[in-house]
Each structure stands twice: as C-alpha cells, then as structure tokens.
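Asks: sequence and computational prediction follow.
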Amino acid sequence: MRWKYILNKKRNETMILFSVLLMIVMIGYMHKKNLSDMEETVTSIYEDRLVANDYIFELSQKIAGKKWHMSNDQNNEELTKLNHEINILIDAYEQTKLTVEENSLWEKLKKDLALAKEFENQILYNPNSNQWSQIQRHLDNQYQLIHTDLEGLSVIQIQEGKSLLDESRKIMASNSISRRLEVALIIIVLLIFLMFNSTYRLVRIKNKWHSSYN
C-alpha cells in the first residue's frame with residue numbers, strides 16, 4: 001500500500017510538472033510572437049508612416065513648384081521635370097501599406113492631380129484662349145484641392161502612427177507579463193522538484209526506521 005501511495009504521488013507530481021513545463025513552452029512561444037509583432041509594428045511605423053509622410057511633404061513641395069512656374073515663367077521643361085518627379089513619388093507611396101480611408105483619399109488625390117495637369121496643358125498649349133482666365137481659376141482651385149488632399153493624408157499618417165505606437169506599448173506590456181509568469185512557473189517547477197525530493201527522502205528514512213525497528 002505504501003508503494004502504491006508513492007507511485008500515485010509520483011504520477012500526480014509528474015502530471016503537475018508536465019503541465020507547468022507545457023505552460024512555460026507556451027509562454028516562450030508567446031514571447032517569440034510578441035517580439036515578431038513588435039518588429040513588424042516598428043517596421044510599419046517607419047516604412048508605412050514616417051516614410052509615407054515624407055513622400056507627402058515632397059509632393060507638397062513639387063505642387064508648390066508647379067504652381068509657382070504656372071504663375072510666373074511657365075517653364076515647360078521645369079514643369080515636365082516636376083511631373084516626372086511627382087509620378088515617381090506616387091509610385092513610391094503606393095508601395096506603402098494604405099488603410100481603407102487612406103486609399104480612398106489617395107485615389108481622389110490622383111484624380112485631382114490628373115485634372116490639374118489637364119488645366120496646365122490647356123494654359124501652356126493654348127495661351128491665347130479666350131477662356132484662359134477661367135481655366136487659371138480652375139487650376140488654382142485644383143491646387144487648393146490637392147493641398148487639402150495632402151493635408152488629409154498627413155493627418156492619417158499621424159493617426160495611424162499613434163495607433164501603431166499604442167499597439168507597440170500593449171505588446172511590450174504583454175511581453176512583460178509573460179516574462180514574469182515564466183519566472184513564476186520556473187520557481188514552481190523548482191518547488192515541485194524540492195517537494196518531490198523531500199517526500200522521497202522522508203519515505204526512505206521512514207522505511208529505514210521501520211526496518212531498524214523490526
């Protein structure tokens with residue numbers, strides 16, 4: 001009966017130990033996933049928000065340059081160069097990750113840019129048109145719409161960047177909790193080993209005592 005009790009106790013201790021070790025493995029997996037999520041979040045903050053905001057700023061500069069040339073020298077060569085640089089920035093921006101709201105505003109911006117280019121061409125290639133002043137007003141309105149679109153996109157970058165920072169803080173907090181839990185479970189494993197060894201020694205001493213007594 002004594003050995004049956006010992007075997008049952010060992011089995012229970014083994015099951016507890018196995019459960020704790022399994023939990024440690026799961027926490028280790030969670031820790032690894034948290035690190036992966038953190039890396040992805042930091043990368044997204046840089047590539048999809050900071051870099052995207054830089055593209056928006058550069059687009060604003062190019063549009064300001066076009067507006068100046070259209071109002072002053074109407075230098076066709078400079079305008080062609082600016083249009084080419086704008087197309088490069090558009091391609092680069094579309095390589096970033098866009099939200100649904102951002103994509104909708106981005107598509108509007110591209111349409112506004114295309115319409116502005118049409119007005120520019122009408123002014124450049126039909127300088128003597130009777131509707132020149134009207135077309136110029138339409139172009140000025142388009143530049144204003146483009147400016148508003150770019151401002152809206154910039155605001156989205158700030159909002160999404162803040163959201164990603166909040167997410168990274170949550171990941172860090174979760175990672176801190178999982179680490180503490182992992183340490184606690186390791187301590188539990190050590191205690192189980194100590195209890196197991198203590199019980200085993202007590203049984204051995206008791207058996208020796210009984211043997212000596214008999």
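Replies: Perfect, thanks for sending it. Numbering: from 1, shown residues only.

Asks: correct me if wrong: Trp106 contacts Tyr93.
Replies: Yes - using Cβ atoms under 8 Å as the test, Trp106 is close enough to Tyr93 to be in contact (7.3 Å). All C-beta spots, glycine's among them, are computed from the backbone N, C-alpha and C.

Asks: so Gln134 is in which element?
Replies: Remark: Gln134 resides in helix 132-213, with elements defined by DSSP states H and E.

Asks: output the below-cut-off pLDDT ranges for the protein.
Replies: Within the chain, the stretches falling below the threshold (pLDDT under 70) are 1-14, 16-25, 27-49, 127-129, 164-186, 188-214.

Asks: mind listing what Met70 touches?
Replies: For Met70, the contact set (Cβ atoms under 8 Å, 6 or more residues apart in numbering) comprises 79, 120, 123, 139.

Asks: and Gln74, how close does it get to Gln134?
Replies: The gap separating Gln74 from Gln134 is 17 Å, by Cβ to Cβ, to the nearest Å.

Asks: meant to ask about Lys62
Replies: 25 Å.

Asks: which one of those two has more residues nearby?
Replies: With neighbours defined as other Cβ atoms under 10 Å, Lys62 and Gln134 compare such that Lys62 has more, 19 against 11.

Asks: pretty sure that one contacts Asn87?
Replies: No - Lys62 is beyond contact range of Asn87, at 10.0 Å (criterion: Cβ under 8 Å).

Asks: now for these two: what residues contact both?
Replies: Here Lys62 and Asn87 share no contacting residue, scored by Cβ under 8 Å, 6+ apart.

Asks: what are the buried residues along stretch 84-92?
Replies: Residues of stretch 84-92 classed as buried under the neighbour-count rule (16 or more other Cβ atoms under 10 Å) are 86, 89.

Asks: same check on stretch 109-119?
Replies: Counting neighbours by 16+ other Cβ under 10 Å, the buried set in stretch 109-119 is 109, 112-113, 115-117, 119.

Asks: which ones among those map onto helices?
Replies: Secondary structure from DSSP state H places 109, 112-113, 115-117, 119 of these in helices.

Asks: for the residues you listed, which one is nearest Ile156?
Replies: Ranked by distance to Ile156 (Cβ to Cβ), those are led by Leu109 at 11.6 Å.

Asks: check the gap between the residue lying closest to the closest one once chain neighbours are set aside and Trp132 for me.
Replies: Taking Cβ to Cβ, 6 or more residues apart in numbering as the measure, Leu109 lies nearest to Asp149, with 4.0 Å between them; neighbours along the chain are not counted. Taking Cβ to Cβ as the criterion, Asp149 is separated from Trp132 by 26 Å.
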